[in-house]
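Engineer: Fold the following.
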Amino acid sequence: MLRLLSATLPFLLLACTSPDPAPGASGTGGSGGSGGGAPIVEPVCTAGTRWQKGTAIFKEATEEWGLVEAGVRGLRFQAVDFDGDGFTDLAVRRGGSYGDDLNPAPACCEDASCADGTTCPVRATWLLKNNGKKRFTDVAVSSGYIQTRNAGAPNMGRPFEVVAFGDVDNDGDLDAYTGRSDGPSDLKTETSELMLNNGDGTFALGPVDSQLRIEKGDVPAGASFVDYDRNGVVDLWVPQNAWSGYPRQDHLYWGDGNGHYTDVTIATGMMTANWNDPQALNEGRAHTWGWSALACDLNDDGNPELLASSYGRSPNHLWQGSGAEANYQFANRSVASGYAFDHRVDWTDNESARCYCSLHPTADDCAGVPAPKYIKCETDKDAFRWNHATDRNLYRLGGNSGGTICGDVNNDGAMDLLVTEIVHWDVGSSSDPAEIIINTGEANVRFERPGNEETGLTRAHDVISWNDGDMSGALFDFDNDGWSDVYIGDSDYPGSKGRFFHQASPMKFEAIPFEDGIDHHRSHGIAVADFDRDGDLDIVLGHSHMRCGGADGADCYPTTQARFFENLIGQEGNWLQLRLAGGAGTNRAAIGARVEVKTADGVTRTQEVGGGHGQYGGQQDLTLHFGLGVHCEAEVTVRWPDFALTEESFTLVSGHRFNKRQGEPVEVAAVD
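Structural biologist: The predicted model follows:
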């Protein structure tokens, strides 16, 4: 049964805003400048929705949506409307940088394997068109999305692993960056590529002379389209998954609007030192083991910051942007911002460190370190996760950061971060956990870490030797109460499950029981969008098959089938959706635009249009979704990412999706 808002919720205004005459109904077009008036439409007004324990939130609809029939396997997702028909599509990739085998499958492959040893062709990529009738159709081949430059392999799809979508040529459709790790030395074969959308749902290979097509040593760990210099053309941020043996620089590419990209990493002040300098590593100045990309304006000055999370317990990077087109620069504020690593630096509860000190009691800092509690400690090999010469450094006391997600969690107008982390039980308290870090709103970006005990993002571990494999996650309002909720994908390790948390009051989360939310083992990869356009946010989840051998694989599903979960409750509430299109001086996809939605209780919900984020690529819908709680209308302000940071304000009502082109009136989006 759907639970409505009740008087026990002190942090919301608990009276449904009575629907005044629809803004614009008198022909005034509402408030706002430059043609930003509200459309003539009546609100769809309810008492509001808010989840309570015992209410089922999702139902699985994987087969209904065609994902089983299409054999969709994967854990990298992008939720984007690539063909511009108003229905959110889905791009899916398996892990690994290998291509699709498009040869016909022998009959024996219907059983997943052939007794005679015949090799079955393997798909790696799907581009799923949403037909608007709760059904996806795979168009990866017919659209040209996976076409190759290699004429010698006609039945193979192009190998790539990282994907991000943006309108690079401002022609009104979404193009795609497809990043490949460590391409071959022959440029006649395959490298990272830009795929240009032809406007009819098909793609063509981008310019062959673009600098993002790296011949050797390209190891992209994620990608974000971002107009960093606000000149109206999207650029591209690509962190690198390497710390040794490769070029040790992440890549910022400047776009010319015609599909060509130029590497401006060094020119914009983002050069990093080598790994062999411990001081540089402790200060966050050395290139580290990139594992994720993010671009987000964290100090609300209109200039996006660029972030790269890092694997290997090495510092995360945060580059704070400032300046104008001709002299735009980034300053390294990785450590100063609090993003590089957390404040937990006590290594003496690390079981391997304790073992080392037990064997070497006179070693530096070993005096008083207790003996290990749980591991056998007879030789130095037993201290398997500890190097006493290096691991007491700050840079080795951070986490293994999977993805970073940007969102205004506490509705204070400053973008906070959800950072996911791999944590092993034996490392102790110095290993950063997955957590929300809170933006203080200062001009020089800085975060505070209240901790999971304070926010409620805790979990129980039933065994001593537990591992949290948190590499993906999302911030979204599943019940349309106006406050962001949290999903964390706990993948790879035996017994792990995705974790779902509801924001019960500002920055206080409660765990959603698996029977109410989603019971999904080794949950890796997530896409969130209103795929069926009914007014609430649905979820697609992936499943990791790492560490599925032997007894460890008892909780692994038979395949890595992508699973679709349809939202059951949010559509009964109050919500609005907004799709933006940039005008003159703004990139057409409006990536980087900031939208504030203020309701009568004074609460303002803030979102940015994103151009890709996360570990090895993830992307949420460019159509922004706002839950309104008990309210039936809101004052909306859009700040466009142009030179002037142009703003437009207008009133919108609940229950509708709206389209807004910069400088033009708001329009109600057609349902079909």
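Engineer: isn't residue 465 right up against residue 425?
Structural biologist: Yes: when contacts are counted by C-beta atoms under 8 Å, residue 465 is listed as touching residue 425 (5.7 Å). To be clear about C-beta, it is placed using only N, CA and C from the backbone, and glycine gets the same treatment.
Engineer: Low-confidence stretches in the stretch 101-250 of the chain?
Structural biologist: Along the stretch 101-250 of the chain, segments meeting pLDDT under 70 span 111-112, 183-188, 244-248.
Engineer: Looking at residue 465 and residue 425, which one has more neighbours?
Structural biologist: residue 425 (15 against 12; other C-beta atoms under 10 Å).
Engineer: what helices or strands is the worst-scoring helix or strand of the chain on mean pLDDT leaning on?
Structural biologist: Ranking every helix and strand in the chain by mean pLDDT, DSSP states H and E puts helix 278-282 at the bottom, with a mean of 91. In terms of contacts (3 or more C-beta pairs under 8 Å, 6 or more residues apart in numbering; DSSP states H and E), helix 278-282 is not packed against any helix or strand.
Engineer: Show me what counts as buried in stretch 304-319.
Structural biologist: Buried residues in stretch 304-319, defined by neighbour count with 16 or more other C-beta atoms under 10 Å: 304-311, 313-319.
Engineer: go on, stretch 61-71?
Structural biologist: Using 16+ other C-beta under 10 Å as the test for burial, stretch 61-71 gives 61, 62, 65, 66, 67, 70.
Engineer: what's the answer for stretch 134-154, then?
Structural biologist: Across stretch 134-154, burial judged by 16+ other C-beta under 10 Å covers 134, 136, 138-141, 143-148, 150.
Engineer: Relative to residue 537, which of the residues you listed is nearest.
Structural biologist: Residue 537 has its nearest neighbour among the buried residues of stretch 134-154 in residue 134, at 15.1 Å by C-beta to C-beta.
Engineer: And the strands in the stretch 351-500 of the chain?
Structural biologist: Using DSSP state E, counting those that start in this stretch, the strands of the stretch 351-500 of the chain run over 400-407, 416-424, 435-439, 447-448, 467-476, 485-490, 499-505.
Engineer: Would you mind saying which of the ones you listed lies nearest residue 366?
Structural biologist: strand 416-424 (21.6 Å).
Engineer: counting contacts, what elements does the closest one pack onto?
Structural biologist: On a contact count with 3+ C-beta pairs under 8 Å, 6+ apart, strand 416-424 meets strand 400-407, strand 435-439, strand 467-476, strand 485-490.
Engineer: again, only this time at 6 Å
Structural biologist: strand 400-407, strand 435-439, strand 467-476 (3 or more C-beta pairs under 6 Å, 6 or more residues apart in numbering; DSSP states H and E).
Engineer: could I get stretch 594-602 in PDB with only the CA atoms?
Structural biologist: In PDB, the C-alpha atoms belonging to stretch 594-602 read as follows (Å, rounded to 0.1, in the frame of the first residue of the first chain):
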ATOM      1  CA  ARG A 594      22.500  24.600 -13.000                       C
ATOM      2  CA  VAL A 595      18.700  24.400 -12.200                       C
ATOM      3  CA  GLU A 596      17.200  25.500  -8.900                       C
ATOM      4  CA  VAL A 597      13.700  24.400  -8.000                       C
ATOM      5  CA  LYS A 598      12.200  26.300  -5.000                       C
ATOM      6  CA  THR A 599       8.900  25.300  -3.400                       C
ATOM      7  CA  ALA A 600       6.600  27.300  -1.000                       C
ATOM      8  CA  ASP A 601       8.300  25.900   2.100                       C
ATOM      9  CA  GLY A 602      11.600  27.600   1.100                       C
END
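Engineer: list the contacts for residue 341?
Structural biologist: 315, 398 (C-beta atoms under 6 Å, 6 or more residues apart in numbering).
Engineer: From residue 472, how far off is it?
Structural biologist: 20 Å (C-beta to C-beta, to the nearest Å).
Engineer: again with residue 649
Structural biologist: 35 Å.
Engineer: again, but for residue 297
Structural biologist: 23 Å.
Engineer: next one: residue 159
Structural biologist: Distance from residue 159 to residue 472, by C-beta to C-beta: 22 Å.
Engineer: what do you get for residue 85?
Structural biologist: According to C-beta to C-beta, residue 85 stands 27 Å off from residue 472.
Engineer: same check, this time on residue 584
Structural biologist: 37 Å.
Engineer: now swap in residue 394 and tell me
Structural biologist: Distance from residue 394 to residue 472, by C-beta to C-beta: 26 Å.
Engineer: Looking only at neighbour counts, state which of the two leads.
Structural biologist: More neighbours surround residue 472 than the other of residue 394 and residue 472, with 31 against 17 (other C-beta under 10 Å).
Engineer: Now that one: closest residue in space, sequence neighbours ignored.
Structural biologist: By the measure of C-beta to C-beta, 6 or more residues apart in numbering, the closest residue to residue 472 outside its immediate chain neighbours is residue 489, 4.0 Å from it.
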